[in-house]
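Enquirer: please find the sequence and the predicted model below.
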Amino acid sequence: MDAATITSWMREIDAAVRRERDHLVQLDAAIGDGDHGTNMTRGFEAVVQALDGDPGSPPGKLLILAGRTLVSTVGGASGPLWGSALRSGGRVLGEQPTFEGQELVQVLAAALASVKDLGTAAVGDKTMVDALEPAVDALRTRLTAGASIDDALEAAAVAAETGMRATVPMQARKGRASYLGERSVGHQDPGATSTALMIRALQRAVTGST
């Protein structure tokens, strides 16, 4: 994996959130501000443009650029959270031109740690962590067991999607949704939903699947 992998990942995210924008808006309208789909679409469109303007940087630098771009273009909680996450992941890679599966685990683990630190959230709080942490765990477990990167990323994407669906019966304990108390139960978390889209986008970017 190399800089082209990161660029492909960001393009896949851009396409995915664009496709699912209205769904993300609907999910967020139920328990939030209703702008999650719009914000994510705007943010990753800007990320793709930024990466197109920086064709020579190594993968870590591209992740840092993507993170900075999200912070400057995305409103709400998503910009700071994903911006910090991608910058933390990018710092793991530094200047190296390529990276392997275990280093990808370290990138996503650093991203997760950043999100948990900034958002003070844990699994069960009905946030993006409910999708991201299972994905990181699945990726690490499968690679450690000797699975191929393709199989491990498929497992990570499935874990994220399972975690996303698991937010439906939860009562939100973080973010604007937490203000609703029991009324947040029965709604899928929009942040977990977009996170699952992003992990599936990573799987497509690495494996070349559609």
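Expert: Alright, I've got the coordinates.
Enquirer: okay, CA-based contacts and neighbour counts for the rest of this
Expert: OK.
Enquirer: with adjacent residues omitted, what lies nearest to Ser8?
Expert: Leaving aside its chain neighbours, Ser8 sits nearest to Ala205 (5.4 Å; criterion: CA to CA, 6 or more residues apart in numbering).
Enquirer: quick one: stretch 157-176 to chain centroid distance?
Expert: For stretch 157-176, the separation from the chain centroid amounts to 13 Å (computed by CA atoms, centre = their mean, to the nearest Å).
Enquirer: ok, stretch 37-44 next?
Expert: Taking CA atoms, centre = their mean, one finds the center of stretch 37-44 at 13 Å from the center of the full chain.
Enquirer: and for stretch 195-210?
Expert: 10 Å.
Enquirer: what residues does that stretch touch?
Expert: Outside stretch 195-210, the residues that touch it by CA atoms under 8 Å, 6 or more residues apart in numbering are 1, 5-6, 8-9, 12-13, 16-17, 128, 131-132, 135, 150, 153-154, 156-157, 160-161, 164.
Enquirer: what's the burial count for Pro55?
Expert: 12 (other CA atoms under 10 Å).
Enquirer: correction: the previous question concerned Gly53.
Expert: So Gly53, with other CA under 10 Å, has 9 neighbours.
Enquirer: try Thr73
Expert: Using other CA under 10 Å, Thr73 has 18 other residues around it.
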